[in-house]
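Novice: Give me coordinates for this.
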Amino acid sequence: MNRKTFLQLTGAALTLSACAPSGLTSTSAATAKKRSLRVVHLTDVHLQPGGPSAKGFERALHAAQSLNPKPDLILNGGDSIFDSLNKDKAKTREQWDLWHRVLKSENSLPVVSCIGNHDVWGWGRKKDKAVTEDKRYGKQWAVESFGLDNRFYSFDKGGWHFVVLDSTHHTDQFNYMAKLDEQQFDWLQNDLQNVPSQTPVLVLSHIPLLTFSSQFFNGLKKDEPAKLEWERRALMHQDAWEIKNLFNEHKNVKLCLAGHLHMQEELNFLGVKYLVNGAVSGNWWKGDFHEFKPAFAVLDLFADGSSSHEWIAY
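Specialist: Residues are numbered from 1 along each chain as shown. Below is the predicted model:
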């Protein structure tokens, strides 16, 4: 049974619905529209040697590939490996090697990836010169592992324009915070400016650009002010206001996908649908994360810019 909560704010044109992991949320009648693409959004796999993560990831990939109709594309939302922020080179290599092995043996679909905070190497080991002086320090290892030319980029497929962002911004105080650096924001402005107004746009980020569910983390550790400050800065983009204003200038931005929170959420704001699509790993491979089972999302994208989605508890 689905559970939905709707929040309406006067003048903001905002609608929120949070659904249980087994639920289906569909904003379009798929049978009445022309589908351009079917994509799967897999995020927060947190893969590591030992334990259940490899087999669990295999099950998720098999479930995604057995869907009917079969998806055209996998969007990997980041945090693909368990963690490299605080790991040495050997442990980080083991995780990436496992990621490549599972994808090579268990997946036949094309994969498009964005970088998650746990994919960044060494930001938690700033005193270790062997890490900080390595050419792969920071995001370079993830860029290479995902086969990317850059940490943010865009492409066109099936009549849609896809924008892949890098949410993780370096800060000495908290290792990272959620925002776009100046170079990336300038690039995003230029990229959207060059997309034809009739072409719908999907934006993929690891950390949500806009979310309500992040509020459930606030106040859980009232005796740890530093932790609360980090959560405020790291659970939703700090430049959400600027991004909202930019999207409002480009009405063809229709859909934003994110992970990071290990929860599921649909938020409709000023004509844009923001989805937080849970986590393949659930509670870091320890079962459900609060009410949300390990899951991924399948999305049908339509030629008119609308979309429908279903959360699959695989």
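
Novice: what's the helix or strand harbouring Tyr176 in contact with?
Specialist: Take DSSP states H and E as the rule and Tyr176 turns out to sit in strand 175-178. Contacts made with strand 175-178 from outside it, assessed by Cβ atoms under 8 Å, 6 or more residues apart in numbering, are listed as 85, 117, 120, 123-124, 167-171, 207, 233-238. Backbone N, C-alpha and C define where each C-beta goes, glycine included.

Novice: Do a quick rundown of the helices in this protein.
Specialist: Read by DSSP state H, the chain holds these helices, from start to end of the chain: 53-65, 89-106, 129-132, 140-145, 182-193, 225-234, 240-249.

Novice: export these to CSV and tack on distance to Gln264?
Specialist: Converted to CSV, those look like this (distance: least, Cβ to Cβ, whole Å):
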stretch, distance to Gln264
helix 53-65, 15
helix 89-106, 24
helix 129-132, 35
helix 140-145, 25
helix 182-193, 26
helix 225-234, 19
helix 240-249, 19
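
Novice: List just the one of those that sits closest to His309.
Specialist: Proximity to His309, assessed across these by Cβ to Cβ, is greatest for helix 53-65 (13.5 Å).

Novice: quick one on the thing from earlier: Asp156 is nearest to which of the helices of the chain?
Specialist: With respect to Asp156, and counting by Cβ to Cβ, the nearest of those is helix 182-193 at 11.2 Å.

Novice: Could you list the buried residues of the closest one?
Specialist: Buried positions in helix 182-193, judged by neighbour count with 16 or more other Cβ atoms under 10 Å: Gln184, Phe185, Trp187, Leu188, Asp191, Leu192.

Novice: Let's see the pLDDT reported for the first one.
Specialist: Per-residue pLDDT puts Gln184 at 98.

Novice: wait, isn't it in contact with Asn150?
Specialist: No - here Gln184 lies out of contact with Asn150, judged by Cβ atoms under 8 Å, at a distance of 9.5 Å.

Novice: which residues are common contacts for those two?
Specialist: Joint contacts of Gln184 and Asn150 (Cβ under 8 Å, 6+ apart) do not exist.

Novice: Count the neighbours of Thr43 for me.
Specialist: 30 (other Cβ atoms under 10 Å).

Novice: hang on, it packs against Ser205?
Specialist: No - with contact defined as Cβ under 8 Å, Thr43 does not reach Ser205; the gap is 10.2 Å.

Novice: where do the contact lists of the two overlap?
Specialist: When contacts are counted by Cβ under 8 Å, 6+ apart, Thr43 and Ser205 have Ala258 as shared neighbours.
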